[in-house]
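Colleague: What follows is a predicted structure for the sequence shown.
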Amino acid sequence: MKLGKVIGNVVSTKKEGNITGLKILVVSYLDENLTDTKKTAACIDTMSAGEGDIVLLCSSSSARMTKMTKNVASDNTIVGIVDSVSSGNIYTYKKN
Amino acid sequence: MKLGKVIGNVVSTKKEGNITGLKILVVSYLDENLTDTKKTAACIDTMSAGEGDIVLLCSSSSARMTKMTKNVASDNTIVGIVDSVSSGNIYTYKKN
Amino acid sequence: MKLGKVIGNVVSTKKEGNITGLKILVVSYLDENLTDTKKTAACIDTMSAGEGDIVLLCSSSSARMTKMTKNVASDNTIVGIVDSVSSGNIYTYKKN
Amino acid sequence: MKLGKVIGNVVSTKKEGNITGLKILVVSYLDENLTDTKKTAACIDTMSAGEGDIVLLCSSSSARMTKMTKNVASDNTIVGIVDSVSSGNIYTYKKN
Amino acid sequence: MKLGKVIGNVVSTKKEGNITGLKILVVSYLDENLTDTKKTAACIDTMSAGEGDIVLLCSSSSARMTKMTKNVASDNTIVGIVDSVSSGNIYTYKKN
């Protein structure tokens, strides 16, 4: 998975691939310092994530391994909301 | 998925992989400001998208998760036409 | 899919993954101006493509969605020969 | 697979895709000199790896080919702990 | 597939995903001039390849399309040993 930060929202009324009704968020990938890389993806949200949340992104066919995305045209799914990231005893991120 | 902008059209009369009859569009990937990245893909269009449309692109095996692309040699399918992209209360894109 | 230009040929007599007998071509990816990017892949050819041809490349599991590559260890298959690429009314490529 | 070095830990209490209970580690990809590339991924750990370990990472649908990750939303799984890497007779890495 | 050059060997005694007993080689990707790109992968070897050999690498789910890697956690498998690469009538590589 990749760590990403939710930065926006996509509205698309004409859709194929069983994604009608699913929320699509714009997520920016984070680097090793959890800084925004400015590279983004449009991801199906299974977690009711909000803007600013740090999330776990799952890509490829594994993006379909949730109840909400089974048989769905998702190649990148938000599969978790991150509480914290730590390195040794140091927290590099802690959700408020 | 990725956000892309339709910029062209591919004609190919000799094709394999059950893609005969399907429309193939040239799509340019967009960055976080929805600016053209100059990186392109040739995508199967399931949405009757037109040049200039901002679209949702679905890759890998998930590109086959539409009725039109089931069992088809597509690794990148247009699965939605984008109406708007917003960040907070600000629209970064709104379809005319 | 990606657009590529056939630039060479690979001979390999010791092969696994059911690719014995299949032709493997070296293909260079093209950018948005259909210029050679100098990035290459070795692709299974299902189309009897020749050097100089502009082709459609299909990757990932979708590379196995042709009769010739079913159950074959191909992650990148030539699935079409391109006749033309156009943007608006302008042809950026037209096969001779 | 890719070679990576475990550099951190991700805690996420809200998760989808059958990954509840699985350990997620932050892994930095290594280059040909086994130096940290600063590119990271969040990987499901099937090996009880620890920080500093050099590990084998398996991505795409193959990331689900372990007992622990079958039917799990993992696109990148730690599938081995590396003992040594050698080139000719020279060890470029040897685990203490 | 990609063309790569075998440059090393990985030893890992603790492994998951049915890769126990399989040889894992470090392979460096080659560019269009068959020069080392310094980007490497750790690949399952189905061909008894040796250091210095130029090989065909197959990635994604297609990496599991050999007898030796069926149901195995391999995302990159050596599926051929290259005898020659040519462009027109010129050999850019010929195995000794």
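Modeller: Sure thing, it's come through.
Colleague: Which secondary structure elements does the lowest-mean-pLDDT helix or strand in chain A sit against?
Modeller: Lowest on mean pLDDT, DSSP states H and E among the helices and strands of chain A sits strand A:14-15, with a mean of 93. For strand A:14-15, the elements it packs on are strand B:76-81, judged by 3 or more C-beta pairs under 8 Å, 6 or more residues apart in numbering or on different chains; DSSP states H and E. To be clear about C-beta, it is placed using only N, CA and C from the backbone, and glycine gets the same treatment.
Colleague: ok, the next helix or strand after the strand it packs on: who's next to it in the sheet?
Modeller: Where DSSP states H and E defines the elements, the next helix or strand beyond strand B:76-81 is strand B:84-87. For strand B:84-87, the paired strands and their directions (DSSP bridges) read strand A:2-11 (antiparallel), strand B:90-94 (antiparallel).
Colleague: Can you get me the centre-to-centre distance for strand B:84-87 and its chain?
Modeller: 18 Å (C-alpha atoms, centre = their mean, to the nearest Å).
Colleague: What's opposite A:Ser28 in the beta bridge?
Modeller: With DSSP bridges as the criterion, A:Ser28 is bridged to A:Lys5, A:Thr40.
Colleague: which residue is nearest the middle of chain A?
Modeller: A:Ile78 (3.4 Å; C-alpha atoms, centre = their mean).
Colleague: What parts of chain A come near chain E?
Modeller: Contact residues (C-beta under 8 Å from any C-beta of the partner chain) of chain A with chain E: A:60-61.
Colleague: rewinding a little: partner strands of the least confident helix or strand of chain A and their direction?
Modeller: Strand A:14-15 has the following strand partners under DSSP bridges: strand B:76-81 (antiparallel).
Colleague: Any idea how far the partner strand is from the middle of the chain?
Modeller: 4 Å.
Colleague: Kindly report the same for stretch A:71-84.
Modeller: 5 Å.
Colleague: Same question for that stretch: list its buried residues.
Modeller: By 16 or more other C-beta atoms under 10 Å in any protein chain shown, the buried positions in stretch A:71-84 come out as A:72-82, A:84.
Colleague: So what does whichever residue of chain A sits closest to chain C have for phi and psi?
Modeller: Going by C-beta to the nearest C-beta, chain C is nearest to A:Ser61 of chain A, at 7.4 Å. When quoted as degrees, to the nearest 10, the phi and psi of A:Ser61 stand at phi -60, psi -20.
Colleague: Verify the stated contact: it with D:Ser59.
Modeller: No. Look at A:Ser61 against D:Ser59 with C-beta atoms under 8 Å: they stay out of range, at 11.1 Å.
Colleague: out of the buried residues of stretch A:71-84, who's nearest E:Met65?
Modeller: Nearest to E:Met65 among the buried residues of stretch A:71-84: A:Asp75, at 21.1 Å, using C-beta to C-beta.
Colleague: any common contacting residues for A:Ser61 and D:Ser59?
Modeller: Here A:Ser61 and D:Ser59 share no contacting residue, scored by C-beta atoms under 8 Å, 6 or more residues apart in numbering or on different chains.
Colleague: Reformat the strands paired with strand B:84-87 into TSV and put mean pLDDT next to each item.
Modeller: Below are the strands paired with strand B:84-87 laid out as TSV (pLDDT from 0 to 100):
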stretch	mean pLDDT
strand A:2-11	97
strand B:90-94	96
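Colleague: Just name the most buried of the ones you listed.
Modeller: Comparing the strands paired with strand B:84-87 by mean neighbour count (mean count of other C-beta atoms under 10 Å in any protein chain shown), strand A:2-11 ranks first with a mean of 22.
Colleague: Figure out how far it is from the centre of its chain.
Modeller: Strand A:2-11 sits 6 Å away from the centroid of its parent chain (C-alpha atoms, centre = their mean).
Colleague: got the CA positions of that strand in PDB?
Modeller: Extracted as PDB, the C-alpha positions of strand A:2-11 are listed here (Å, rounded to 0.1, in the frame of the first residue of the first chain):
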ATOM      1  CA  LYS A   2       0.900   3.600  -0.200                       C
ATOM      2  CA  LEU A   3       0.300   6.400   2.300                       C
ATOM      3  CA  GLY A   4      -1.600   9.300   0.900                       C
ATOM      4  CA  LYS A   5      -3.400  12.500   2.100                       C
ATOM      5  CA  VAL A   6      -7.000  13.200   1.000                       C
ATOM      6  CA  ILE A   7      -7.000  16.600  -0.700                       C
ATOM      7  CA  GLY A   8     -10.100  16.700  -2.800                       C
ATOM      8  CA  ASN A   9     -13.300  15.300  -4.200                       C
ATOM      9  CA  VAL A  10     -14.300  14.100  -7.700                       C
ATOM     10  CA  VAL A  11     -17.900  14.300  -8.900                       C
END
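Colleague: List the buried residues for stretch A:20-31?
Modeller: Residues A:22-30 are the ones in stretch A:20-31 that count as buried (16+ other C-beta under 10 Å).
Colleague: hmm, back to that, so which of the buried residues of stretch A:71-84 would you say is closest to B:Ala42?
Modeller: Taking these together and measuring to B:Ala42 by C-beta to C-beta, the closest member is A:Asp75, at 16.6 Å.
Colleague: Against B:Lys2, how distant is the closest one?
Modeller: 8 Å (C-beta to C-beta, to the nearest Å).
Colleague: what touches both of the two?
Modeller: B:Ser59.
Colleague: picking that back up, farthest pair within the buried residues of stretch A:71-84?
Modeller: The farthest-apart pair in those, when distances are taken by C-beta to C-beta, is A:Ala73 and A:Ser84, at 32.2 Å.
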